[in-house]
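Trainee: the following block contains a protein sequence and its predicted model.
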Amino acid sequence: MSFTALLAAFVGQASAVTNEELLERIERLERQNQELRSQVNALQGDPDVVRLPETSAEAAAKNDAGLVGTSVDYSYRILDAVEDVNTKPIVQLKARQDGLLNSALTVSGQVTAIANIQTSNRDDKFGYLMRNPTSANQIGGDVSEALVHSANLAFTAQLNDWITAYLEFLYSPEQHFGSGTITNLNRNVIDGRRAYILFGNLEKSPLFAAIGKLDTPFGLNDTVSPFTNSTNWHAFAGLAYGAQVGYVSDGLMLRAMAIQGGSQFRAHNTPVNDTNVPSRVNNFAVDANYTFRFNTADEALFGASYTHGTAYCQAYPVVHFNPCSDNNPGYAVYSRIRMGAFELLGEFASTTDDWPGSAVPDPTNPLSVYEAQKTHAFTVGGRYGFGEVLPNGRNKSYLSAEFSKFRAGDEGAPWERQNQIVLGYSHYLSENINLFGEYIHVDGFAPLNFVSGGNFPDGSTWSDNDAKTDVLMFGAQGAF
(Lines give C-alpha, C1' and ligand atoms only; values in the text may rest on other atoms or scores of the structure.)
Protein backbone atom coordinates (compact mmCIF):
# COMPACT_ATOMS: atom_id res chain seq x y z
CA MET A 1 0.00 0.00 0.00
CA SER A 2 1.37 3.43 -0.88
CA PHE A 3 1.98 6.25 1.59
CA THR A 4 -0.76 8.31 -0.10
CA ALA A 5 -3.29 5.52 0.46
CA LEU A 6 -2.32 5.20 4.15
CA LEU A 7 -2.68 8.94 4.66
CA ALA A 8 -6.10 8.93 3.01
CA ALA A 9 -7.28 6.05 5.23
CA PHE A 10 -6.07 7.84 8.40
CA VAL A 11 -7.83 11.07 7.45
CA GLY A 12 -11.01 9.17 6.74
CA GLN A 13 -10.92 7.42 10.12
CA ALA A 14 -10.22 10.69 11.99
CA SER A 15 -13.15 12.40 10.27
CA ALA A 16 -15.43 9.62 11.52
CA VAL A 17 -14.94 10.82 15.15
CA THR A 18 -17.76 13.17 16.03
CA ASN A 19 -17.48 16.35 18.08
CA GLU A 20 -19.51 14.71 20.84
CA GLU A 21 -16.98 11.86 21.12
CA LEU A 22 -14.04 14.28 21.28
CA LEU A 23 -15.76 16.27 24.03
CA GLU A 24 -16.40 13.06 25.99
CA ARG A 25 -12.71 12.07 25.76
CA ILE A 26 -11.57 15.49 26.99
CA GLU A 27 -13.97 15.38 29.94
CA ARG A 28 -12.75 11.87 30.82
CA LEU A 29 -9.11 13.05 30.81
CA GLU A 30 -9.99 16.01 33.05
CA ARG A 31 -11.69 13.68 35.55
CA GLN A 32 -8.64 11.38 35.62
CA ASN A 33 -6.31 14.34 36.10
CA GLN A 34 -8.42 15.62 39.00
CA GLU A 35 -8.36 12.18 40.64
CA LEU A 36 -4.55 12.00 40.34
CA ARG A 37 -4.13 15.48 41.82
CA SER A 38 -6.36 14.55 44.74
CA GLN A 39 -4.26 11.44 45.40
CA VAL A 40 -1.01 13.45 45.30
CA ASN A 41 -2.40 16.06 47.71
CA ALA A 42 -3.52 13.31 50.08
CA LEU A 43 -0.06 11.69 50.03
CA GLN A 44 1.67 15.03 50.65
CA GLY A 45 -0.49 15.61 53.72
CA ASP A 46 0.02 12.12 55.15
CA PRO A 47 2.69 12.21 57.93
CA ASP A 48 3.22 8.45 57.67
CA VAL A 49 4.46 8.61 54.09
CA VAL A 50 8.25 8.11 53.85
CA ARG A 51 9.85 10.98 51.91
CA LEU A 52 13.18 10.84 50.11
CA PRO A 53 15.52 13.73 51.00
CA GLU A 54 15.68 16.50 48.46
CA THR A 55 18.83 16.14 46.40
CA SER A 56 21.09 19.03 45.59
CA ALA A 57 20.14 18.74 41.91
CA GLU A 58 16.44 19.03 42.77
CA ALA A 59 17.13 22.00 45.01
CA ALA A 60 19.10 23.72 42.27
CA ALA A 61 16.26 23.20 39.80
CA LYS A 62 13.98 25.29 42.05
CA ASN A 63 16.06 28.43 41.80
CA ASP A 64 17.57 30.55 39.10
CA ALA A 65 21.17 29.87 40.16
CA GLY A 66 21.28 26.43 38.59
CA LEU A 67 23.47 23.48 39.41
CA VAL A 68 26.75 25.44 39.60
CA GLY A 69 27.15 28.97 40.91
CA THR A 70 29.34 31.46 42.75
CA SER A 71 28.98 33.65 45.85
CA VAL A 72 31.68 36.31 46.10
CA ASP A 73 31.13 37.28 49.75
CA TYR A 74 31.14 33.62 50.81
CA SER A 75 34.21 32.91 48.66
CA TYR A 76 36.20 35.74 50.22
CA ARG A 77 35.35 34.61 53.76
CA ILE A 78 35.92 30.90 53.24
CA LEU A 79 39.33 31.45 51.60
CA ASP A 80 40.50 34.38 53.73
CA ALA A 81 43.62 33.44 55.72
CA VAL A 82 43.45 36.15 58.41
CA GLU A 83 39.87 35.96 59.77
CA ASP A 84 37.67 33.02 60.83
CA VAL A 85 40.90 31.03 60.63
CA ASN A 86 39.73 27.83 62.32
CA THR A 87 35.93 28.26 62.11
CA LYS A 88 35.41 27.71 58.37
CA PRO A 89 32.82 24.91 58.87
CA ILE A 90 30.70 27.32 60.92
CA VAL A 91 31.11 29.97 58.21
CA GLN A 92 29.70 27.43 55.76
CA LEU A 93 26.77 26.45 57.97
CA LYS A 94 25.85 30.10 58.51
CA ALA A 95 26.20 30.81 54.79
CA ARG A 96 23.68 28.06 54.08
CA GLN A 97 21.41 29.38 56.81
CA ASP A 98 21.58 32.92 55.38
CA GLY A 99 20.89 31.79 51.83
CA LEU A 100 24.30 32.74 50.42
CA LEU A 101 24.71 29.37 48.70
CA ASN A 102 21.92 29.06 46.14
CA SER A 103 23.46 26.38 43.93
CA ALA A 104 24.11 22.72 44.44
CA LEU A 105 27.81 23.38 43.79
CA THR A 106 29.48 26.68 44.67
CA VAL A 107 32.85 27.31 43.02
CA SER A 108 35.18 29.69 44.87
CA GLY A 109 38.63 31.05 44.26
CA GLN A 110 41.05 33.72 45.42
CA VAL A 111 44.40 35.13 44.37
CA THR A 112 46.72 37.19 46.58
CA ALA A 113 49.49 39.06 44.77
CA ILE A 114 52.16 41.06 46.61
CA ALA A 115 55.14 43.33 46.06
CA ASN A 116 57.57 44.10 48.87
CA ILE A 117 60.99 45.36 49.90
CA GLN A 118 62.78 43.73 52.85
CA THR A 119 65.96 44.68 54.68
CA SER A 120 67.90 42.85 57.39
CA ASN A 121 70.89 43.72 59.55
CA ARG A 122 72.10 40.11 59.11
CA ASP A 123 72.89 38.74 55.66
CA ASP A 124 70.54 35.95 54.56
CA LYS A 125 68.49 36.17 57.79
CA PHE A 126 65.00 37.56 57.24
CA GLY A 127 62.58 36.87 60.08
CA TYR A 128 59.39 37.72 58.18
CA LEU A 129 57.18 34.64 58.49
CA MET A 130 54.79 35.03 55.55
CA ARG A 131 57.34 33.05 53.58
CA ASN A 132 59.48 30.16 54.72
CA PRO A 133 62.72 31.83 55.90
CA THR A 134 65.42 30.07 53.88
CA SER A 135 68.75 31.30 52.61
CA ALA A 136 67.91 29.63 49.30
CA ASN A 137 65.43 32.43 48.58
CA GLN A 138 66.72 35.46 50.49
CA ILE A 139 70.32 36.46 49.81
CA GLY A 140 72.22 39.38 51.28
CA GLY A 141 70.88 42.21 53.40
CA ASP A 142 68.05 43.45 51.19
CA VAL A 143 65.57 41.62 48.97
CA SER A 144 62.52 42.53 46.91
CA GLU A 145 59.63 40.58 45.44
CA ALA A 146 56.72 40.96 43.01
CA LEU A 147 54.82 37.70 42.79
CA VAL A 148 51.80 35.58 43.64
CA HIS A 149 51.80 34.74 47.32
CA SER A 150 48.91 32.30 47.18
CA ALA A 151 45.97 31.15 45.08
CA ASN A 152 43.08 28.90 46.07
CA LEU A 153 40.33 27.04 44.27
CA ALA A 154 37.50 25.53 46.31
CA PHE A 155 34.28 23.59 45.78
CA THR A 156 31.35 23.60 48.22
CA ALA A 157 28.68 21.00 47.44
CA GLN A 158 25.29 20.95 49.14
CA LEU A 159 24.54 17.24 49.01
CA ASN A 160 21.23 17.64 50.84
CA ASP A 161 19.71 19.78 53.60
CA TRP A 162 22.13 18.38 56.20
CA ILE A 163 25.33 17.42 54.40
CA THR A 164 27.97 19.68 52.83
CA ALA A 165 31.13 18.51 51.07
CA TYR A 166 34.15 20.81 50.80
CA LEU A 167 37.39 20.56 48.83
CA GLU A 168 40.06 23.28 48.64
CA PHE A 169 43.29 23.44 46.65
CA LEU A 170 46.21 25.76 47.45
CA TYR A 171 49.10 27.07 45.37
CA SER A 172 51.63 28.85 47.60
CA PRO A 173 55.28 28.58 46.49
CA GLU A 174 56.41 31.08 49.16
CA GLN A 175 55.17 28.96 52.07
CA HIS A 176 55.56 25.51 50.57
CA PHE A 177 57.99 23.12 52.27
CA GLY A 178 59.46 21.95 48.98
CA SER A 179 63.18 22.33 48.39
CA GLY A 180 64.89 24.95 46.27
CA THR A 181 63.93 28.46 45.27
CA ILE A 182 60.41 29.75 44.67
CA THR A 183 60.82 28.88 40.98
CA ASN A 184 61.73 25.26 41.72
CA LEU A 185 59.08 22.78 40.59
CA ASN A 186 59.17 21.18 44.05
CA ARG A 187 57.64 24.36 45.46
CA ASN A 188 55.35 25.16 42.53
CA VAL A 189 52.78 22.46 43.18
CA ILE A 190 49.08 22.45 44.01
CA ASP A 191 48.11 20.82 47.30
CA GLY A 192 44.80 19.64 48.68
CA ARG A 193 44.67 22.14 51.55
CA ARG A 194 41.35 21.13 53.11
CA ALA A 195 38.80 18.42 52.38
CA TYR A 196 35.94 17.28 54.57
CA ILE A 197 32.33 16.23 54.87
CA LEU A 198 30.28 18.54 57.09
CA PHE A 199 27.07 17.44 58.80
CA GLY A 200 24.79 20.18 60.10
CA ASN A 201 21.76 22.39 59.54
CA LEU A 202 21.59 25.43 61.82
CA GLU A 203 17.95 26.00 60.85
CA LYS A 204 17.04 22.78 62.64
CA SER A 205 19.84 22.03 65.13
CA PRO A 206 22.81 23.80 66.78
CA LEU A 207 24.90 20.62 66.53
CA PHE A 208 27.36 19.89 63.72
CA ALA A 209 30.14 17.45 62.86
CA ALA A 210 32.92 17.22 60.29
CA ILE A 211 35.45 14.60 59.29
CA GLY A 212 38.44 14.92 57.00
CA LYS A 213 41.38 17.33 56.75
CA LEU A 214 40.51 20.60 58.48
CA ASP A 215 41.66 23.29 60.89
CA THR A 216 41.81 22.23 64.52
CA PRO A 217 39.80 24.03 67.24
CA PHE A 218 42.69 25.57 69.17
CA GLY A 219 42.98 29.29 69.91
CA LEU A 220 41.66 32.23 67.91
CA ASN A 221 44.64 32.72 65.55
CA ASP A 222 42.92 35.61 63.75
CA THR A 223 44.66 38.91 63.09
CA VAL A 224 43.58 42.52 62.58
CA SER A 225 46.28 42.95 59.92
CA PRO A 226 45.13 42.83 56.29
CA PHE A 227 47.67 40.21 55.18
CA THR A 228 50.34 39.21 57.71
CA ASN A 229 49.40 36.45 60.16
CA SER A 230 50.33 36.81 63.83
CA THR A 231 53.03 34.73 65.49
CA ASN A 232 50.22 32.94 67.36
CA TRP A 233 49.01 31.64 64.02
CA HIS A 234 52.50 30.63 62.92
CA ALA A 235 53.18 28.86 66.22
CA PHE A 236 49.88 27.21 67.14
CA ALA A 237 47.32 27.21 64.29
CA GLY A 238 46.64 23.54 63.57
CA LEU A 239 45.70 21.67 60.40
CA ALA A 240 45.17 17.93 60.68
CA TYR A 241 43.21 14.84 59.80
CA GLY A 242 40.45 14.14 62.28
CA ALA A 243 36.80 14.28 63.28
CA GLN A 244 35.24 17.37 64.81
CA VAL A 245 31.93 17.87 66.63
CA GLY A 246 30.47 21.15 67.80
CA TYR A 247 27.60 23.24 69.09
CA VAL A 248 26.87 26.83 68.09
CA SER A 249 23.85 28.82 69.27
CA ASP A 250 22.98 32.08 71.05
CA GLY A 251 26.60 33.22 71.30
CA LEU A 252 27.96 29.91 72.64
CA MET A 253 30.41 27.87 70.57
CA LEU A 254 31.74 24.50 71.75
CA ARG A 255 34.06 22.35 69.64
CA ALA A 256 36.05 19.16 70.11
CA MET A 257 38.19 17.28 67.62
CA ALA A 258 39.76 13.85 67.66
CA ILE A 259 43.08 14.36 65.83
CA GLN A 260 45.14 11.77 63.99
CA GLY A 261 48.36 11.09 65.87
CA GLY A 262 51.92 11.32 64.67
CA SER A 263 53.13 14.50 63.00
CA GLN A 264 50.28 16.40 61.36
CA PHE A 265 50.31 19.14 58.72
CA ARG A 266 50.52 22.02 61.21
CA ALA A 267 51.04 22.44 64.96
CA HIS A 268 50.18 18.94 66.23
CA ASN A 269 52.45 16.00 67.02
CA THR A 270 51.90 13.02 69.32
CA PRO A 271 54.10 9.91 69.20
CA VAL A 272 52.71 6.61 67.96
CA ASN A 273 54.98 3.89 69.36
CA ASP A 274 57.82 6.44 69.44
CA THR A 275 57.33 7.30 65.76
CA ASN A 276 55.72 10.13 63.81
CA VAL A 277 53.58 7.70 61.78
CA PRO A 278 49.93 8.88 61.88
CA SER A 279 48.53 5.39 62.41
CA ARG A 280 46.46 6.06 65.53
CA VAL A 281 43.94 8.70 66.62
CA ASN A 282 45.68 9.66 69.87
CA ASN A 283 45.53 13.47 69.88
CA PHE A 284 42.68 15.89 70.48
CA ALA A 285 41.78 19.56 70.88
CA VAL A 286 38.84 21.28 72.57
CA ASP A 287 37.66 24.88 72.44
CA ALA A 288 34.91 26.91 74.09
CA ASN A 289 34.00 30.55 73.57
CA TYR A 290 31.08 32.83 74.28
CA THR A 291 30.10 36.09 72.59
CA PHE A 292 28.26 38.72 74.62
CA ARG A 293 26.19 40.77 72.16
CA PHE A 294 25.23 44.20 73.46
CA ASN A 295 23.55 45.32 70.23
CA THR A 296 23.93 44.75 66.49
CA ALA A 297 27.32 46.52 66.39
CA ASP A 298 28.92 45.85 69.78
CA GLU A 299 30.07 42.48 71.12
CA ALA A 300 32.75 40.83 73.24
CA LEU A 301 34.07 37.30 72.73
CA PHE A 302 36.03 35.30 75.32
CA GLY A 303 37.40 31.81 74.77
CA ALA A 304 39.85 29.11 75.85
CA SER A 305 41.34 26.00 74.23
CA TYR A 306 43.38 22.92 75.08
CA THR A 307 45.22 20.37 72.96
CA HIS A 308 46.83 17.10 74.00
CA GLY A 309 49.79 17.42 71.63
CA THR A 310 51.42 20.55 70.20
CA ALA A 311 54.32 20.48 67.74
CA TYR A 312 56.83 21.44 70.48
CA CYS A 313 57.74 17.96 71.66
CA GLN A 314 60.85 17.19 69.59
CA ALA A 315 64.31 16.77 71.07
CA TYR A 316 67.51 18.41 69.83
CA PRO A 317 68.14 18.88 66.92
CA VAL A 318 64.69 20.09 65.94
CA VAL A 319 63.47 19.19 62.44
CA HIS A 320 59.98 19.66 61.03
CA PHE A 321 57.71 16.61 61.45
CA ASN A 322 60.30 14.50 63.31
CA PRO A 323 58.97 12.03 65.92
CA CYS A 324 58.75 12.82 69.64
CA SER A 325 59.32 10.65 72.67
CA ASP A 326 56.33 12.19 74.50
CA ASN A 327 53.53 14.64 73.83
CA ASN A 328 53.62 18.28 74.96
CA PRO A 329 50.11 19.67 75.63
CA GLY A 330 49.13 23.29 75.08
CA TYR A 331 46.45 25.78 76.07
CA ALA A 332 45.22 29.12 74.77
CA VAL A 333 43.06 31.98 76.03
CA TYR A 334 41.77 34.74 73.78
CA SER A 335 39.34 37.62 73.40
CA ARG A 336 37.95 39.85 70.67
CA ILE A 337 35.95 43.01 71.36
CA ARG A 338 34.06 45.02 68.74
CA MET A 339 32.69 48.42 69.68
CA GLY A 340 31.32 50.39 66.77
CA ALA A 341 34.14 51.03 64.32
CA PHE A 342 36.82 49.69 66.71
CA GLU A 343 38.01 46.10 67.08
CA LEU A 344 40.50 44.79 69.64
CA LEU A 345 41.87 41.27 70.00
CA GLY A 346 44.26 39.54 72.34
CA GLU A 347 45.55 35.98 72.61
CA PHE A 348 48.03 33.95 74.63
CA ALA A 349 49.01 30.34 73.89
CA SER A 350 51.60 28.14 75.58
CA THR A 351 52.78 24.59 76.01
CA THR A 352 52.31 23.08 79.46
CA ASP A 353 55.77 21.48 79.46
CA ASP A 354 59.24 22.56 78.37
CA TRP A 355 60.17 22.03 74.74
CA PRO A 356 63.03 19.46 74.87
CA GLY A 357 64.59 20.79 71.67
CA SER A 358 64.90 24.31 73.06
CA ALA A 359 68.00 23.16 74.98
CA VAL A 360 71.33 21.81 73.68
CA PRO A 361 72.13 18.51 75.47
CA ASP A 362 75.88 18.50 74.71
CA PRO A 363 77.68 19.93 77.78
CA THR A 364 80.75 20.72 75.66
CA ASN A 365 78.70 23.08 73.49
CA PRO A 366 78.69 26.67 74.82
CA LEU A 367 74.97 26.90 73.91
CA SER A 368 74.16 24.22 76.50
CA VAL A 369 74.03 26.93 79.20
CA TYR A 370 70.51 27.79 78.03
CA GLU A 371 67.83 25.68 79.69
CA ALA A 372 64.76 24.22 78.02
CA GLN A 373 61.69 26.47 78.15
CA LYS A 374 57.97 26.32 77.54
CA THR A 375 57.01 27.64 74.12
CA HIS A 376 54.47 30.44 74.02
CA ALA A 377 53.05 33.14 71.76
CA PHE A 378 51.25 36.37 72.54
CA THR A 379 49.26 38.73 70.29
CA VAL A 380 47.49 42.05 70.87
CA GLY A 381 46.07 44.26 68.14
CA GLY A 382 43.41 46.72 67.13
CA ARG A 383 41.88 48.24 64.04
CA TYR A 384 39.53 51.04 63.10
CA GLY A 385 37.03 50.85 60.26
CA PHE A 386 35.79 53.88 58.38
CA GLY A 387 34.12 54.90 55.14
CA GLU A 388 31.14 53.38 53.40
CA VAL A 389 29.66 50.18 54.85
CA LEU A 390 29.46 47.34 52.32
CA PRO A 391 26.42 45.00 52.09
CA ASN A 392 28.22 42.34 54.17
CA GLY A 393 28.68 44.81 57.06
CA ARG A 394 32.37 45.46 56.44
CA ASN A 395 33.72 49.00 56.22
CA LYS A 396 35.47 50.02 53.02
CA SER A 397 38.67 51.06 54.81
CA TYR A 398 40.63 49.93 57.89
CA LEU A 399 43.69 51.06 59.80
CA SER A 400 45.34 48.43 62.01
CA ALA A 401 48.23 47.89 64.41
CA GLU A 402 49.34 44.59 65.94
CA PHE A 403 52.15 43.25 68.11
CA SER A 404 52.86 39.54 68.49
CA LYS A 405 55.65 37.58 70.15
CA PHE A 406 56.95 34.04 69.80
CA ARG A 407 59.05 32.72 72.69
CA ALA A 408 61.16 29.69 71.74
CA GLY A 409 64.05 29.59 74.22
CA ASP A 410 65.73 30.68 77.41
CA GLU A 411 66.48 34.32 78.13
CA GLY A 412 69.56 35.42 76.22
CA ALA A 413 69.60 32.41 73.89
CA PRO A 414 70.03 33.17 70.18
CA TRP A 415 66.64 31.49 69.64
CA GLU A 416 64.96 33.19 72.62
CA ARG A 417 62.22 35.01 70.74
CA GLN A 418 60.90 36.53 67.56
CA ASN A 419 58.75 39.66 67.90
CA GLN A 420 56.61 41.17 65.15
CA ILE A 421 54.96 44.58 64.72
CA VAL A 422 52.54 45.18 61.83
CA LEU A 423 50.97 48.50 60.80
CA GLY A 424 48.36 48.02 58.10
CA TYR A 425 45.85 49.71 55.83
CA SER A 426 43.05 48.00 53.87
CA HIS A 427 40.69 49.35 51.26
CA TYR A 428 37.90 47.16 49.91
CA LEU A 429 36.84 48.07 46.40
CA SER A 430 33.97 45.64 46.91
CA GLU A 431 33.08 42.71 49.15
CA ASN A 432 35.59 40.50 47.37
CA ILE A 433 38.50 42.81 46.46
CA ASN A 434 40.95 44.12 49.06
CA LEU A 435 43.89 46.43 48.35
CA PHE A 436 46.34 46.61 51.25
CA GLY A 437 49.63 47.98 52.47
CA GLU A 438 51.71 47.04 55.53
CA TYR A 439 54.87 47.98 57.35
CA ILE A 440 56.36 45.06 59.31
CA HIS A 441 59.22 45.07 61.81
CA VAL A 442 60.61 41.79 63.16
CA ASP A 443 63.05 41.39 66.06
CA GLY A 444 64.87 38.07 66.08
CA PHE A 445 65.42 35.19 63.70
CA ALA A 446 64.27 31.82 65.08
CA PRO A 447 63.25 29.36 62.33
CA LEU A 448 61.75 26.14 63.67
CA ASN A 449 64.12 23.85 61.78
CA PHE A 450 67.36 23.57 63.80
CA VAL A 451 66.16 26.42 66.00
CA SER A 452 68.76 25.63 68.69
CA GLY A 453 71.43 24.33 66.31
CA GLY A 454 72.55 20.94 65.11
CA ASN A 455 72.87 21.73 61.43
CA PHE A 456 76.44 23.07 61.55
CA PRO A 457 79.56 20.96 62.33
CA ASP A 458 80.74 23.34 65.05
CA GLY A 459 77.43 23.02 66.95
CA SER A 460 76.40 26.64 66.41
CA THR A 461 72.91 27.82 65.49
CA TRP A 462 71.62 30.01 62.71
CA SER A 463 69.10 31.59 65.09
CA ASP A 464 69.97 35.19 65.96
CA ASN A 465 68.34 37.16 68.76
CA ASP A 466 69.76 40.43 67.41
CA ALA A 467 68.61 40.04 63.81
CA LYS A 468 66.16 42.73 62.67
CA THR A 469 63.96 42.70 59.57
CA ASP A 470 61.94 45.56 58.08
CA VAL A 471 59.35 45.01 55.36
CA LEU A 472 57.31 47.40 53.21
CA MET A 473 54.45 45.41 51.70
CA PHE A 474 51.77 46.16 49.09
CA GLY A 475 49.24 43.72 47.74
CA ALA A 476 45.81 42.83 46.45
CA GLN A 477 43.46 39.99 47.32
CA GLY A 478 40.57 39.14 45.06
CA ALA A 479 37.98 36.39 45.35
CA PHE A 480 35.32 35.03 43.01
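Mentor: It's in. Treat the numbers as computed from the prediction; the structure is a model and nothing was measured.
Trainee: give me the neighbour count for the nearest residue to Lys94 once chain neighbours are set aside.
Mentor: With sequence-adjacent residues excluded and distances taken as Cβ to Cβ, 6 or more residues apart in numbering, Lys94 is closest to Leu202, at 6.6 Å. Where you see a C-beta, it was placed from the backbone N, CA and C, and this is true even at glycine. As a burial measure, Leu202 scores 16 neighbours (other Cβ atoms under 10 Å).
Trainee: these two touch, right, Leu202 and Arg96?
Mentor: Yes: Leu202 is in contact with Arg96 according to Cβ atoms under 8 Å; the separation is 7.5 Å.
Trainee: re earlier: which secondary structure element contains the residue nearest to Lys94?
Mentor: Per DSSP states H and E, Leu202 falls between elements, in no helix or strand.
Trainee: check contacts around it.
Mentor: Listed by Cβ atoms under 8 Å, 6 or more residues apart in numbering, the contact set of Leu202 reads 93-94, 96-97, 208, 248-249.
Trainee: where does this protein have low pLDDT?
Mentor: Applying pLDDT under 70 to the chain flags the ranges 1-17, 19, 22, 40, 44-65, 133-134.
Trainee: the helices in it, which residues?
Mentor: With helices called from DSSP state H, the chain shows them at 3-15, 19-44, 56-61, 72-79, 88-97, 231-236.
Trainee: the inter-axis angle of the fourth one versus helix 88-97?
Mentor: If I follow you right, that is helix 72-79. Here helix 72-79 runs at an angle of 160 degrees relative to helix 88-97 (axes from the mean of the first three to the mean of the last three Cα atoms, to 10 degrees).
Trainee: buried sites along helix 72-79?
Mentor: Buried residues in helix 72-79, counted by 16 or more other Cβ atoms under 10 Å: 72-79.
Trainee: from those, pick the one nearest Ala195.
Mentor: Distance to Ala195, by Cβ to Cβ, is smallest for Ile78 among these, at 13.4 Å.
Trainee: so the closest one sits against Phe155, correct?
Mentor: No: Ile78 lies out of contact with Phe155 (Cβ under 8 Å); the separation is 10.8 Å.
Trainee: now do the shared contacts for the two.
Mentor: Common neighbours of Ile78 and Phe155, using Cβ under 8 Å, 6+ apart, are Ser108.
Trainee: show me the strands in the stretch 351-480 of the chain, by range?
Mentor: In the stretch 351-480 of the chain, the strands defined using DSSP state E, counting those that start in this stretch lie at 374-389, 395-407, 417-430, 433-445, 464-479.
Trainee: contacts only, for the spatially closest residue to Gly309 that is not a sequence neighbour.
Mentor: Of all residues beyond its chain neighbours, the one nearest Gly309 is Thr270 (3.5 Å), with distances taken as Cβ to Cβ, 6+ apart. Thr270 is in contact with 259, 261-262, 282-283, 308-309, 313, 324, 327, counting by Cβ under 8 Å, 6+ apart.
Trainee: what does Asp274 give?
Mentor: 323, 325.
Trainee: mean neighbour count and distance to His234 added to the strands of the stretch 351-480 of the chain, as JSON lines?
Mentor: Formatted as JSON lines, the strands of the stretch 351-480 of the chain follow (neighbours: other Cβ atoms under 10 Å; distance: least, Cβ to Cβ, whole Å):
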{"stretch": "strand 374-389", "mean neighbour count": "18", "distance to His234": "8"}
{"stretch": "strand 395-407", "mean neighbour count": "20", "distance to His234": "7"}
{"stretch": "strand 417-430", "mean neighbour count": "20", "distance to His234": "9"}
{"stretch": "strand 433-445", "mean neighbour count": "20", "distance to His234": "11"}
{"stretch": "strand 464-479", "mean neighbour count": "19", "distance to His234": "14"}
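Trainee: can you lay out the ones you listed as JSON lines showing distance to Val360?
Mentor: What follows is those, written out as JSON lines (distance: least, Cβ to Cβ, whole Å):
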{"stretch": "strand 374-389", "distance to Val360": "16"}
{"stretch": "strand 395-407", "distance to Val360": "17"}
{"stretch": "strand 417-430", "distance to Val360": "17"}
{"stretch": "strand 433-445", "distance to Val360": "17"}
{"stretch": "strand 464-479", "distance to Val360": "15"}
